[in-house]
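Asks: sharing a sequence plus its predicted fold:
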Amino acid sequence: MPIPPAVPPRVLTVAGSDSGGGAGIQADLKTMLALGVHGMSVLTAVTAQNSLGVQGAWELPAEAVRAQYRSVVDDMGVSAVKTGMLSSAALVETVAALLAATDAPVVVDPVGVSKHGDALLAAEALESVRTRLLPVATVATPNLDEVAQITGVTVTDEAGMRRAADRMLGHGPRWVVIKGGHLPGDPVDLLTDGSQEHWLRAPRHDNRHTHGTGCTLASAIACGLARGQDVPTAVRAAKAYVTGAIAAGFALGAGIGPVDHGWQLRNAR
Ligand SMILES: Nc1ncnc2c1ncn2[C@@H]1O[C@H](COP(=O)(O)OP(=O)(O)OP(=O)(O)O)[C@@H](O)[C@H]1O
Ligand SMILES: Cc1ncc(CO)c(N)n1
């Protein structure tokens, strides 16, 4: 058996708990295990959630978020950070202030609503996302609903994705991935830093069990960055990983089941 490196790449997720295990902290930690890094977590909120929607959400105090972050970063160190559900303006501002002081690459998934349309971010927090969180992002990964909320651009085609990317980059992230998964046809994502443009195409899997796709993609990008990959390499690998996880999604519950974060491990058996 190969001897593992003494210090593995360490990825920290700052996100909410999804009791159904498809999205949120659970998706992030499973992705990190599957991609061979050490996963760590700062919990921002607890949701009661399943394949049918979000039945309840409870936010943690800013002090608890700050304390978790300090515990991890000051002792174990981080190679990359991923943010997900931040719930309120207070938590967005708290997390943005912590991240402004890190040298590690930061992947910001600006989570707004769940697949079922349940709010995971207060409307009044959007301005803090624009002015405090996006400027500290190495990569931001909005879906089309989040793009509309943040920039006001309604995207219906690839030209619209380009316009939306320009507007997103205006808020300060170094790179943006505009996720086109909600457009009809094969899912296309646009990765750009304003000078390079990469169109990432994959076959659409008609599996409706897609709970957690966005969290999984963002975490997988953070894993690649933690391994020292450049942004285009990390995003391409993450897209391949999430595509496989969607193809293998689990028909669990009466609604939208979770993607299978362990699909590569199962295939390898
Ligand atoms: N049916 C599908 N088949 C293949 N790829 C898909 C499918 N749906 C989405 N994707 C891809 O999955 C990734 C996540 O995109 P999506 O737009 O679904 O994120 P999201 O809405 O933030 O997800 P969630 O809210 O569940 O976390 C993107 O790379 C997108 O292109
Ligand atoms: C806790 C949590 N974070 C993110 C998402 C993404 O939609 C979700 N459904 N739940």
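Replies: Nice, thanks for sending it over. Ligands and ions are numbered 1, 2, ... in the order given.
Asks: contacts, neighbours, all on C-alpha from now
Replies: Will do.
Asks: who in the stretch 51-200 of the chain is up against ligand 1?
Replies: Residues of the stretch 51-200 of the chain found near ligand 1 (Cα under 6 Å from any ligand atom) are 114-115, 143, 179-182, 187-189.
Asks: and the residue lying closest to V78 once chain neighbours are set aside, how many neighbours does it have?
Replies: Leaving out its chain neighbours, the residue that sits closest to V78 by Cα to Cα, 6 or more residues apart in numbering is R10, at 5.1 Å. Counted with other Cα atoms under 10 Å, the neighbours of R10 add up to 21.
Asks: R10 and E197, how far apart?
Replies: Going from R10 to E197 by Cα to Cα, to the nearest Å gives 28 Å.
Asks: pLDDT at the residue nearest to V78, what is it?
Replies: Note for R10: predicted pLDDT of 98.
Asks: tell me the contacts of it?
Replies: By Cα atoms under 8 Å, 6 or more residues apart in numbering, the contact set of R10 is 37-40, 77-80, 226.
Asks: can you say which of those residues are buried?
Replies: 37-40, 78-80, 226 (16 or more other Cα atoms under 10 Å).
Asks: just to revisit the earlier point, out of the contacts of R10, which sit inside helices?
Replies: A226 (DSSP state H).
Asks: dump the contacts of R10 into CSV; add pLDDT as well.
Replies: CSV is the format used below for these (pLDDT from 0 to 100):
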residue, pLDDT
V37, 98
H38, 98
G39, 98
M40, 98
G77, 96
V78, 98
S79, 98
A80, 98
A226, 98
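Asks: any idea how far V259 is from L121?
Replies: L121 is 23 Å from V259, by Cα to Cα.
Asks: neighbour count: the two, which is higher?
Replies: V259 (30 against 21).
Asks: contacting residues for that one?
Replies: Counting by Cα under 8 Å, 6+ apart, the residues that V259 touches are 22, 209-213, 245-250.
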